[in-house]
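Chemist: The following block contains a protein sequence and its predicted model.
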Amino acid sequence: MADFTIPTVDLSPFFEDPGDQSRQKKADDAIEIIREACSHYGFFQVVNHGVPEDLMRRALELSRAFFECSYEDKLKCRPYPGAPLPAGYSKQPDNSPDKNEYLLMFPPGSSLNIYPDYPPELREVLEQVFTYMAKTGMLLEDILNECLGLPKNFLRGYNADRSWDFMVALRYFEATEHENNGISEHEDSNCITFVFQDEVGGLEVRKNGVWIPLVPKKGHLVVNIGDVIRVLTNNKFKSATHRVVRSKGQFRHSYAFFYNLQGDKVVEPLPQFTSDIGELPKYRGFLYKEYQQLRLRNKTHPPSRPEDVIHITHYAIPTAL
Ligand SMILES: O=C(O)CCC(=O)C(=O)O
Ligand SMILES: [Fe+2]
């Protein structure tokens with residue numbers, strides 16, 4: 001029988017004294033669940049992750065208030081031309097199958113950030129959420145490092161520059177009589193993504209070929225593994241396939257934090273998952289910023305044929321897959 005469960009992992013052992021024996025057992029159990037989830041489908045949920053629940057709730061209230069402003073007002077913080085990603089407010093192009101609008105930011109202090117004036121508390125709350133999420137990202141990266149049996153701090157060293165991380169507050173429009181696509185099925189291009197959402201629901205992940213709804217739970221963060229980890233591990237860890245469906249009569253709000261990679265880094269399968277174990281690389285190496293640009297183009301100039309949408313398979317070595 002199909003298994004529709006999505007593991008929830010308690011991260012509290014990773015905040016406790018490392019010398020404690022019972023802490024070690026709980027941490028080992030968590031690592032085992034994460035390893036299993038990442039090896040098969042690339043997603044799970046976490047609790048006790050360090051991001052305060054009240055702050056997440058407040059962030060959702062404030063982004064809702066922002067999105068309720070008029071389109072003209074929201075356009076006051078539209079992106080500067082030429083930024084690597086559109087920081088500020090954007091709405092998906094009318095010809096996009098994705099039906100949502102979003103507010104994107106880089107790390108607090110980035111000169112690219114454009115914040116709305118209303119509601120006045122939004123900026124500070126966004127910056128706080130960002131700071132907490134980046135810490136959770138570092139913790140999860142260390143945990144993945146351990147799950148993969150890589151040398152201590154390997155991923156930390158490879159991905160030491162936090163300036164390309166970004167966060168998006170999203171609002172999905174109500175479904176119509178005829179269609180309900182919020183974001184078409186995709187894998188995230190980055191390293192690790194964290195999502196929290198309001199009570200409406202709509203995020204779905206594909207596990208063993210079946211779409212499973214992520215029922216919103218207070219204080220939970222959904223974790224998706226992205227394509228960078230998939231390529232580094234030569235497919236040992238999967239990037240999560242997910243989508244968002246819209247609800248009739250309700251807008252949906254969520255936040256997605258993209259723990260990312262600096263654009264000049266080369267992404268290619270690591271020797272630990274190729275030559276060291278006698279396996280061929282399944283991807284050719286590429287500069288991360290090239291891939292991020294191609295993925296952005298999917299959004300700004302949505303191809304009319306779904307088969308023209310760029311995925312990580314763009315870099316796949318055909319004979320090795
Ligand atoms: O809104 C969500 O729940 C997920 C968003 C997402 O998948 C994305 O922005 O890549
Ligand atoms: Fe996504």
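Modeler: Now that the structure is in, tell me what you want to look at. Ligands and ions are numbered 1, 2, ... in the order given.

Chemist: any idea where the strands of the stretch 1-150 of the chain begin and end?
Modeler: Secondary structure of the stretch 1-150 of the chain by DSSP state E, counting those that start in this stretch: the strands cover 8-10, 43-47, 88-91, 100-105.

Chemist: Indicate each strand paired with the shortest one and its parallel or antiparallel sense.
Modeler: Spelled out, that is strand 8-10. For strand 8-10, sheet partners with direction are given as strand 43-47 (parallel), following DSSP bridges.

Chemist: Buried residues, the strand it pairs with. List them.
Modeler: Across strand 43-47, burial judged by 16 or more other Cβ atoms under 10 Å covers 43-46. (Each C-beta comes from the backbone N, C-alpha and C, glycine too.)

Chemist: cool, stretch 300-314 as well?
Modeler: Counting neighbours by 16+ other Cβ under 10 Å, one finds that the buried residues in stretch 300-314 are 302, 309-312.

Chemist: Of the residues you listed, which ones also sit close to ligand 1?
Modeler: With Cβ under 6 Å from any ligand atom as the criterion, the subset of the buried residues of stretch 300-314 in contact with ligand 1 is empty.

Chemist: how about the strands of the stretch 1-150 of the chain, which one is nearest ligand 1?
Modeler: For the strands of the stretch 1-150 of the chain, the distance to ligand 1 is smallest for strand 100-105, at 7.6 Å, taking Cβ to the nearest ligand atom.

Chemist: Only C-alpha atoms, please: export the closest one in CSV.
Modeler: Taking only C-alpha atoms (Å, rounded to 0.1, in the frame of the first residue of the first chain), the coordinates of strand 100-105 have been written out as CSV:
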residue,chain,number,x,y,z
ASN,A,100,0.9,34.2,-7.7
GLU,A,101,2.6,37.4,-6.7
TYR,A,102,5.6,37.8,-4.4
LEU,A,103,8.0,40.0,-2.5
LEU,A,104,11.6,38.9,-2.7
MET,A,105,14.5,39.9,-0.6
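
Chemist: Please identify the residues of the stretch 1-150 of the chain in proximity to ligand 1?
Modeler: Within the stretch 1-150 of the chain, no position lies close to ligand 1 (Cβ under 6 Å from any ligand atom).

Chemist: Show me the shaky parts of the stretch 1-150 of the chain.
Modeler: Counting by pLDDT under 70, the stretch 1-150 of the chain contains low-confidence residues at 1-2.

Chemist: Next up, the contacts around the closest residue to ligand 1 within the stretch 101-250 of the chain.
Modeler: Relative to ligand 1, the nearest point of the stretch 101-250 of the chain is L203 (3.9 Å; Cβ to the nearest ligand atom). Contacts of L203 were listed using Cβ atoms under 8 Å, 6 or more residues apart in numbering, and they are 195, 197, 213-214, 222, 242-244, 254.

Chemist: again, only using 6 Å
Modeler: By Cβ atoms under 6 Å, 6 or more residues apart in numbering, the contact list for L203 reads 214, 244.

Chemist: need the helices for the chain, in chain order.
Modeler: Along the chain, counting by DSSP state H, helices occupy 21-40, 53-67, 71-75, 122-147, 154-158, 227-232, 288-300.

Chemist: Using CSV, write out every CA atom in the third one.
Modeler: Presented in CSV, the C-alpha positions along helix 71-75 are these (Å, rounded to 0.1, in the frame of the first residue of the first chain):
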residue,chain,number,x,y,z
TYR,A,71,-1.5,46.9,-7.4
GLU,A,72,-0.3,50.5,-8.0
ASP,A,73,0.9,50.7,-4.4
LYS,A,74,2.6,47.4,-4.6
LEU,A,75,4.4,48.5,-7.8
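
Chemist: Quick check: buried residues in that helix?
Modeler: If you call a residue buried by 16+ other Cβ under 10 Å, then helix 71-75 has these buried ones: K74.

Chemist: got it, and the first one?
Modeler: For helix 21-40, the neighbour count (16+ other Cβ under 10 Å) marks 23, 26-27, 30-31, 34-35, 37-38 as buried.

Chemist: what does that helix contact?
Modeler: Outside helix 21-40, the residues that touch it by Cβ under 6 Å, 6+ apart are 7, 9, 13, 16, 44, 146-147, 225, 237.

Chemist: Out of the residues you listed, grab the one that's most surrounded.
Modeler: Counting by other Cβ atoms under 10 Å, I225 has the largest number of neighbours within the contacts of helix 21-40, with 27 neighbours.
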